[in-house]
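Student: Kindly return the folded structure for what I paste below:
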Amino acid sequence: MAVHLVFLMRGASEGIEHLMRVLASIFALCGLVFPAFGQSSASPVVVELYTSQGCSSCPPADALLHRLAAQDDVLALALHVDYWDYIGWKDKFARPEHTRRQKGYAHAGGRRMIYTPQMIIMGQQAVAGSDAMEIAAAIGEHQAQARPVELTADRDGDRLSIHLNPKVALDSRKMLVQIVRFQPERSVNITRGELAGRNFTYANVVEDWHVAAEWDGKDELTLSHTLTGPAPAAVLVQEVGYGRILAAARVE
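Tutor: Reported below is the predicted structural model:
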């Protein structure tokens, strides 16, 4: 079992702490209460769910994202894709740029296909979107890792202030500072397609995703950005070419 392998490869105390993190994530995803163990990183673990209202296998993953969205140490984002629109129902929240992003991850990871539901964790791991055990294990892994970039983001009205500080020497590719806007909940009545006749409320639906700046990671960087409207925002620092997400922050 993967959890046992990780435990045996680590020192005793570190292994126990890691195992407890994974178990805590699994219990949280299952809607159960489990005491926190150790310190989680201040930077949340980013989980991107690629989903569609035209996909009959997506509702369990959508429900799982609701649970993840309630965790402070996870930044859960729903990116609705448009490639199932042809089967009878056009996803109300789908954007072609979400499909392009998922294809970008597939290309970077050497995968020939994309599918729904799929979760991408910290820009690195591709997991079936309804596999709670594997998702919890991946989240636990990333919670235990130190972030190489210190990111602070503060919102004052329509003004977003961002500060980046490299905590270690970064010899990676250039990084993109990205700003994501999302709605905490959006509901829809589906009248056609595979899920016809059902009503769903989706969590953290992404409405905009754009690059605010490029950064080489050599020196500290301070940015200021104007936010329009009351929707929450998130800031992600990611290696170019759909690489690793090095830090993230959420602002309300």
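Student: From now on I want contacts and neighbour counts done on CA atoms only, so please keep to that.
Tutor: Noted.
Student: Going along the chain, name the helices of the stretch 101-250 of the chain.
Tutor: 132-143 (DSSP state H, counting those that start in this stretch).
Student: which stretches of it have low pLDDT?
Tutor: 172 (pLDDT under 70).
Student: what about the strands in it?
Tutor: Listed in chain order, the strands of the stretch 101-250 of the chain (DSSP state E, counting those that start in this stretch) span 118-121, 125-128, 149-156, 159-166, 175-190, 198-215, 221-226, 233-239, 245-251.
Student: Of all those strands, which one comes closest to Gly110?
Tutor: Of all the strands of the stretch 101-250 of the chain, it is strand 125-128 that lies closest to Gly110, at 11.3 Å by CA to CA.
Student: May I see the buried residues of that closest one?
Tutor: Neighbour counts over strand 125-128 (16 or more other CA atoms under 10 Å) mark 126-128 as buried.
Student: And for stretch 160-180?
Tutor: Neighbour counts over stretch 160-180 (16+ other CA under 10 Å) mark 160, 162, 164-166, 175-180 as buried.
Student: which among those gets closest to Gln143?
Tutor: Nearest to Gln143, judged by CA to CA, of those is Pro166 at 18.6 Å.
Student: Run through the residues that contact that closest one.
Tutor: Listed by CA atoms under 8 Å, 6 or more residues apart in numbering, the contact set of Pro166 reads 148-150, 217-220.
Student: same thing but at 10 Å, please
Tutor: 147-151, 216-221 (CA atoms under 10 Å, 6 or more residues apart in numbering).
Student: Can you select the buried ones from those residues in PyMOL?
Tutor: Buried subset of the contacts of Pro166, written as a PyMOL selection, criterion 16+ other CA under 10 Å:
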select buried, resi 147+149+150+151+216+217
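Student: Let me have the strands of the stretch 101-250 of the chain in JSON lines, adding distance to Gly109 as columns.
Tutor: Formatted as JSON lines, those follow (distance: least, CA to CA, whole Å):
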{"stretch": "strand 118-121", "distance to Gly109": "11"}
{"stretch": "strand 125-128", "distance to Gly109": "9"}
{"stretch": "strand 149-156", "distance to Gly109": "23"}
{"stretch": "strand 159-166", "distance to Gly109": "26"}
{"stretch": "strand 175-190", "distance to Gly109": "18"}
{"stretch": "strand 198-215", "distance to Gly109": "21"}
{"stretch": "strand 221-226", "distance to Gly109": "29"}
{"stretch": "strand 233-239", "distance to Gly109": "14"}
{"stretch": "strand 245-251", "distance to Gly109": "14"}
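Student: Identify whichever of the ones you listed lies nearest to Trp89.
Tutor: Using CA to CA, the nearest of the strands of the stretch 101-250 of the chain to Trp89 is strand 175-190, at 7.6 Å.
Student: same for that closest one, what does it pack against?
Tutor: Applying 3 or more CA pairs under 10 Å, 6 or more residues apart in numbering; DSSP states H and E, one finds that strand 175-190 contacts helix 59-69, strand 74-80, strand 159-166, strand 198-215, strand 233-239, strand 245-251.
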